Structures are given as C-alpha cells and as structure tokens.
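# what shape does this take:
(one chain, ligands or ions: 1)
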Amino acid sequence: MNQQAESPERLAERHHLDHTLERIEANLNELDNRLEAYAEDIQAQKEYLWSNRDEMDHIEKISAREAIEQSVMSGDNALVRRQKLEKLRHSPYFGRFDFARGVEEEPVYIGVHHFHDDLARVSRVYDWRAPIASLFYDVESGPATYESPAGTVAGQVTLKRQFRIKGGEIELMIDSAVHVVDDVLQEELSRTSDEGMKNIVATIQRDQNAIIRNDEAQVLVIQGVAGSGKTSIALHRIAYLLYRFKDTLRSEDILIISPNRVFSDYIANVLPELGEETVNQVGMEELADELLDGQYRFESFFEQTTALLEKDDEAMKARLRYKASPEFLTELDRYAAHVEANRFAAEDLWIARRLVPAWLLEEVFRKHRNLPTNERLRQVSWEIERKIGNQYNYDLEPEERKQLKAAIKTMLRQTTLRETYRGFYDWLGRPELFKTASRGRLEYADVFPLIYLKMRLEGVHSRWRDVKHLLIDEMQDYNPVQYAVIGRLFACKKTVLGDAYQSVNPYSASKADEIRGVLRQAACVTLNKSYRSSIEIVRFAQRISPNPDLEAIERHGEEPRVIRCRSRHDELDTIAAMARDFSESEHNTLGIVCKTPKQARKVFDALDGSFDRLQLLGEQSAAFGRGIIVCTAHMAKGLEFDRVLVPEATAKNYATDMERNLLYVACTRAMHRLVLTHRGEISSFLQ
Ligand SMILES: Nc1ncnc2c1ncn2[C@@H]1O[C@H](COP(=O)(O)OP(=O)(O)OP(=O)(O)O)[C@@H](O)[C@H]1O
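This next block holds a predicted model:
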C-alpha cells in the first residue's frame, strides 16, 4: 500500500466515494423499479384502450392516448437519468473544492453530470457547467464569487482537490493548492491518444473556462496556436450553452462547419461524452451543393489545394489570389447592384385595355428585391393586379391575369446564374480570371462567389435557416466571400476558431482580423498555450514557423529526429522500421503525414500488406481510427497522433510558404514523438 493511500485525507475521500457510489446505486435501483412500473403501466393502459375501444367515445380515446404518451415521456426521462447515473457509477466526480460562506463550509464535488440524490433530496455532485462549478476552474484558494440565478454569491475557497477515479477507485488525488505544477494536467497530457477527441472537463484552464462560459458574444473568434485546445474548447462551449440555455437551445439548433468527414468523426464523441446529443455537421462543399440546389458540379477544396502543390500554374494562382481578396467582394457587390439595376426592362403595358405605366412596374419590381426571382415575379404581378383593381375598379379575368404574368416575365432579362457570374469578369474587364475546371466543372474558387451572387439576385433555400448557433472550425481556410455567404445565411450566434499559421492554402485564407471585418460584432480571443505536444516537439515546430507569443506546457519527451536516408529504398525501409516499432509500442496512433496525395499513396503502397491496422486517408474517407494512418497534411488538420512521421522533408518538397505551413501542420500533430526523413538536401525550414 502506498503512502498516499494511508493518509487520513485519502481515507476520508475513499469513504466519501464509497458513500457516493452507494447513493448512486440506491438511486439506480429506485429508477429501475420506476422504469418497470412505467412499462407495466403503459402496457396496462394499452390493453385497457384496446379492450374497451368500442365502448369509448372519441374524447375518451384521445385522453387515454395522451395518458399513454405522458407515461412514455416520463419513462424516457427516467431512462436518460439512468444513463447518466450509469456513467457516474464509473467515475462520479473529478474535483472538489470547499466553499465557506460565513461560518458554514461545505465541500462541493464536481463531475461530468449532476447527481441529485432523489431519495435523500440533496445534490451530491454538481455538473461542471453549473454556476458554482466555475469556482473550481477559476480560483485556487481565497475569496471568490460566482453568479447564481438568485444573484452573486460570495465566500472563500479553502481547498481545491483533483481526482482521477476509474471503475469506482481513486487512482489519483491531488490538492492543487500545494502543487505548483498542475500534476493532473501533466498526467492527462502524457497519456496516449484515443480513437477520437476526448473531453477535458477535469483540467480546463482558467483562460479556456472564460471562453467556454462566454455566453454574450454574438460572434466569438478564437485564434489559438496549434494544440491550444481550440476545438476542445469550442465543443465544451457548445455543451455549456446547451446546459445554460436548456429551455431555448437544443442540440438540433447547432451546426458545425467542419473541414472534412474524418474530422467530423474524430470529434463526434465529445458531446455525447459530456451527456449531450451529437450535433449536425456539414462540410463547406456539401453546404455549397445545397445552396446551389445541386445544379452545378465543381472541384473540391482538396483538389484545389492539391493542384496548387502539384502544378506550378501562375495564372491559377492569380485567379485564386484575386478571388480571396476583400476587393473582390466589393467588386462583386457593385456588380450585383449593376445587374439588379439593369435586369428588368420595364415598358408601358396594356392589360384589359388598361394602362400599367413602366415607372410603376419598375417601382414594384424594385420594392421586392429581397425575394427569389420566381417569387418576386409572382409578387409583382399580384401587386400590379391589385393596383389595377384599385385604380380602374376592375378585376382581371383568369386569361388576362396570365397575360399580365407573361408580359412581366418577358421584361426580365433571363440569363442563367452561371452566365451572369461569368459576365462579372467581362464587366470587370478581366475575362481571364474565369476558367472552367476539368470536366466542365466550376473551379472551387468560383463556387462561393456564385452562391453570393445567387443570394443577392435570386435568394437561396437552406435547411439550416433555423440554426441558433454556428461553429466554424479551421477558420483560416475560408476566404472573405465564404464568410460573406455564411454571414448572410446564418444570422445566429457563432463561434469561429482557427490558426493563421496552419493555413493549408494561402490562396483561400483569412486572418482573424479579416474575418472580423466580414462577420460583424465579433469579439476576438487568443490562446497562446500549447497543450498537445511535448515541449521538445513544440520547440522543433517553432523553428519552422516561429510564433513569439506561443507558450509551451513544460512536458518533456524525446527530441524529434531528422533521419537522412541514402536512397528512396532506404527511406521506405526506414519508414517501415518506424511503423514496426510503433506496432510493438503502447502507442495507439502513428500518423505518416505527407505533402501530397500522390506521396501518401506511395508510402501506403510500400507498407500495405505488412501491417494490420493501416489506413490511407483520402478525400472520401469518413472515419478516424487507431493504428497507422497515412495522409496528407491537409487531411491531418485538426487531428493528433501519438507519433508522427514526416517523409520527404527535403528542400525541394518543402520550399514555398504554403509548404512551410503544411510542414508546420504535419509536425504539430505529434503528441509524444516526431521523426522526419529525407533524401538529399533537407528543407531549409528545418535547418
Ligand atoms: N485544458 C486541457 N486539459 C487537458 N488537455 C487539453 C487541455 N486543453 C487542450 N488539451 C489537449 O490538447 C490537445 C489539442 O487540443 P485541440 O485539438 O482542441 O487543439 P486545437 O487548438 O484545436 O489544435 P490544432 O489547431 O492544432 O488542431 C488535445 O489532446 C486536447 O485534449
């Protein structure tokens, strides 16, 4: 038995834990009895309804059905509570602080869920999102206040204790006030990776807590260094908002715009772990396809990025650069106004021998400029018909109404959206800036400008209109036009997060300031502490893209290694040896992160057949799992691995600014070990 296990505090905590577990058990038993009673009751009510259906009148049947529904709802609520208690059984809490108000002092235990002992009518564990729980994250010891629904509560925090409880046993217990370094955090960060992102409720840091609990910002832009917990915090913030506004905000009111499906899968578990349902996620391309009613085929962002890396096409770069500039948006706005002003050629119209003057038609058409085109034409003709009625005291016959509609329609210059969009470049005097991609598709850079124009001229349909909170991850990879579309489409609150140093495509990127320019009312917060990687890896990555503001958590690991290989064969052998070493280790994930899909495919082919859990992540992949994952830096964005291996770290492969960012993204995915291989001259970013 170790020293810690024998201390009186630990013994007292052991008793407290046992008692809490007993109370959970008692509540679970009671719930089971209740659930059984509900089931029997529902069955009995159904049988009664069935056997007496002929004698019952309509009203009686309705009320019997309502009673059944009521019982089902009560049963469902009891079931949800049961699931939460079941989770608490394993680990009921992770923290405690003692809070003194006057002479009264009470221990407050904090867990992933609230535990109200219904039988004894006391709260034994508080949800980490409860107002009182903020003290656990914000205060070490001393005077403290928190905001309760009844007003400000003041007192003293006299003790703060952290636990790791697993399977009902205390594995770790630390009093924070006596430890300078946050040992629990260190422990957490030293652990191996999981199949997906994990929750961090036990170790949320003060600055992170402030972001999570910020419920005022209309748009919150989180700019943070690699591994600073942006994604984790954003998801915890969603869980917090769902708790804080439980009467008005439900999980289906939330939407995440995520970079790809692998990332969606990677983060999918966090909210359920926190006791919330998963929320909807959509990719930019999927959103674009919906907004264009599936009528246009276009290349993907992944293809655009790959083309930039594989082809040295200056004209393409010029097109992309222009379309990612704020001026482009201004010009597009001017063009939309120009099209709007010229698309309706009103003429005097005679209907049923009555005159409708051109100026009136124009005025009514202008008035309805916020409607989609078809709806607008319908409104114009309906309003003109009404005016004819009022002015001439005459109601149109059905045939005349048809004539009116047809005549108004001919006044509208009908061109397809694509033609109108193309016309922009002629109007601008720069037709060379529009080019069709392979197989007649639109270039990705044209997709959102096209949508923007559609929004301005015709309107769009979106199934996401009622979203109440939008979360955008990897914000650096979207350009001003994309933000303009998002701004018009989602009037709701937003959390926007990313890191300018991790832009995978400089021709389609935005910095926090630019985003604030487009998404109004944005508050901006910055996170400079990096949690993911050992300090050796952080320092190594800093050589690639120095960021003077970055602070690393003091967690030590191996020095990253750069291995020079003699030949291509030798490099692949080295990679295979690393993969074998990983397979025999305790680590769960090895990411082999390449620059292009072609390079990733070659490495994958060389390893294929020799390893059990080997996966090549491509644009179409949808799942993240344990094992060896071969992918591009673009696909690796947002993910993390115990070990990372970066092949072909040569001067030729990583030379441009874009490639520097990709190398930075690749290296910052590593938690514990980083190795790079190269043949010939090493990349200047690593010297
Ligand atoms: N307070 C914390 N306690 C424990 N772990 C944390 C904390 N904050 C961040 N982490 C861990 O740091 C790692 C990085 O977090 P996350 O992926 O959310 O960062 P990020 O800023 O979105 O990263 P990137 O931009 O590099 O993709 C994760 O393993 C996360 O669990």
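
# C-alpha from now on. contacts and neighbour counts both.
Fine.

# the residue of the stretch 251-400 of the chain found nearest the ligand: how many residues sit nearby?
Nearest residue of the stretch 251-400 of the chain to the ligand: Ile267, at 9.2 Å (C-alpha to the nearest ligand atom). Using other C-alpha atoms under 10 Å, Ile267 is surrounded by 23 other residues.

# who's in contact with it?
Ile267 sits next to Gly196, Met197 when contact means C-alpha atoms under 8 Å, 6 or more residues apart in numbering.

# ok, now Tyr109?
Counting by C-alpha under 8 Å, 6+ apart, the residues that Tyr109 touches are Tyr93, Phe94, Gly95, Arg96, Phe97, Arg124, Val125, Tyr126.

# ok, 6 Å please
Tyr109 is in contact with Gly95, Arg96, Val125, counting by C-alpha atoms under 6 Å, 6 or more residues apart in numbering.

# and the pLDDT at the first one?
Reading off the confidence values, Gly95 has pLDDT 93.

# sec struct for Glu171, please.
Counting by DSSP: H, G, I helix; E, B strand; the rest coil, the backbone at Glu171 sits in strand.

# domains of this protein?
Domains of the chain are assigned by the TED database as 1-179, 209-294+466-513+524-530, 345-411, 535-686.

# quick one on the thing from earlier: which one of the contacts of Tyr109 sits closest to the ligand?
Gly95 (13.7 Å).

# now the closest one, nearest residue through space, not along the chain?
The shortest distance from Gly95 to any non-neighbouring residue, by C-alpha to C-alpha, 6 or more residues apart in numbering, is to Gln162 (4.5 Å).

# where does the one you found fall, secondary structure wise?
Element membership of Gln162 [criterion: DSSP states H and E] is strand 151-166.

# other SSEs contacting that strand?
strand 95-101, strand 142-148, strand 169-175 (3 or more C-alpha pairs under 6 Å, 6 or more residues apart in numbering; DSSP states H and E).

# how about that strand and the ligand, touching?
No. Judged by C-alpha under 6 Å from any ligand atom, strand 151-166 makes no contact with the ligand; its nearest approach is 12.8 Å.

# what lies in contact with that strand?
90-91, 94-101, 141-146, 170-176.

# got the residues of the protein near the ligand?
Near the ligand, when you scan the chain using C-alpha under 6 Å from any ligand atom, you find 185, 188-189, 198, 200, 203-205, 224, 226-232, 531-532, 637-639.

# quick check: buried residues in stretch 263-281?
Under the neighbour-count criterion of 16 or more other C-alpha atoms under 10 Å, stretch 263-281 has 263-271, 274, 276-281 buried.

# so of those, which ones are in helices?
If you go by DSSP state H, these have Phe263, Ser264, Asp265, Tyr266, Ile267, Val270, Leu271 in helices.

# in the protein, which residue is most central in space?
Ile256 (4.0 Å; C-alpha atoms, centre = their mean).

# is that residue part of a helix or strand, or is it coil?
strand.

# correct me, but it touches Gly283?
No. Ile256 lies out of contact with Gly283 (C-alpha atoms under 6 Å); the separation is 8.4 Å.

# and for the residue nearest to Gly95, the neighbour number?
Gln162 has 24 nearby residues by other C-alpha under 10 Å.

# which residues pair with it across the strands?
Beta-bridge partners of Gln162, counted by DSSP bridges, are Gly95, Ile174.

# how far away is it from Tyr137?
Here the criterion is C-alpha to C-alpha, to the nearest Å. By it, Gln162 lies 11 Å from Tyr137.

# contacts only, for Ile537.
Ile537 neighbours (C-alpha under 6 Å, 6+ apart): none.

# confidence score at the residue nearest to Gly95?
So, for Gln162, pLDDT stands at 90.

# now swap in Asn260 and tell me
89.

# and it, how many neighbours?
23.

# one more: Leu309?
Residues near Leu309, counting by other C-alpha under 10 Å: 17.

# the strand holding Gln162 vs strand 169-175, what angle?
130 degrees (axes from the mean of the first three to the mean of the last three C-alpha atoms, to 10 degrees).

# spatially nearest residue to the residue in the stretch 551-687 of the chain positioned nearest to the ligand, not counting backbone neighbours?
Nearest to the ligand in the stretch 551-687 of the chain, going by C-alpha to the nearest ligand atom, is Gly638, at a distance of 3.4 Å. Spatial nearest neighbour of Gly638, excluding adjacent residues (C-alpha to C-alpha, 6+ apart): Phe263 at 6.8 Å.

# any idea how far Arg206 is from the one you found?
Taking C-alpha to C-alpha, one finds Phe263 at 26 Å from Arg206.

# with Glu385 instead?
Taken as C-alpha to C-alpha, the span from Glu385 to Arg206 is 64 Å.

# between the two, which is the more surrounded one?
Glu385 (21 against 15).

# quick one, what contacts the more buried one?
Per C-alpha under 6 Å, 6+ apart, neighbours of Glu385: none.

# what mean pLDDT does stretch 73-85 have?
85.

# check what contacts that stretch and list those residues.
Counting by C-alpha under 6 Å, 6+ apart, no residue outside stretch 73-85 touches it.

# how about it: buried residues?
In stretch 73-85, counting by 16+ other C-alpha under 10 Å, buried: Gly75, Ala78, Leu79, Arg81, Arg82, Lys84, Leu85.

# what helix or strand is the second one on?
Meaning Ala78. Assigned by DSSP H and E, Ala78 falls in helix 58-90.

# tell me the angle that helix makes with strand 169-175.
70 degrees.

# just how off-centre is helix 58-90 within its chain?
32 Å (C-alpha atoms, centre = their mean, to the nearest Å).

# and the one residue in the stretch 1-150 of the chain that gets nearest to the ligand, what does it touch?
Distances between the stretch 1-150 of the chain and the ligand by C-alpha to the nearest ligand atom are smallest at Tyr137, namely 10.0 Å. By C-alpha under 6 Å, 6+ apart, the contact set of Tyr137 is Arg206.
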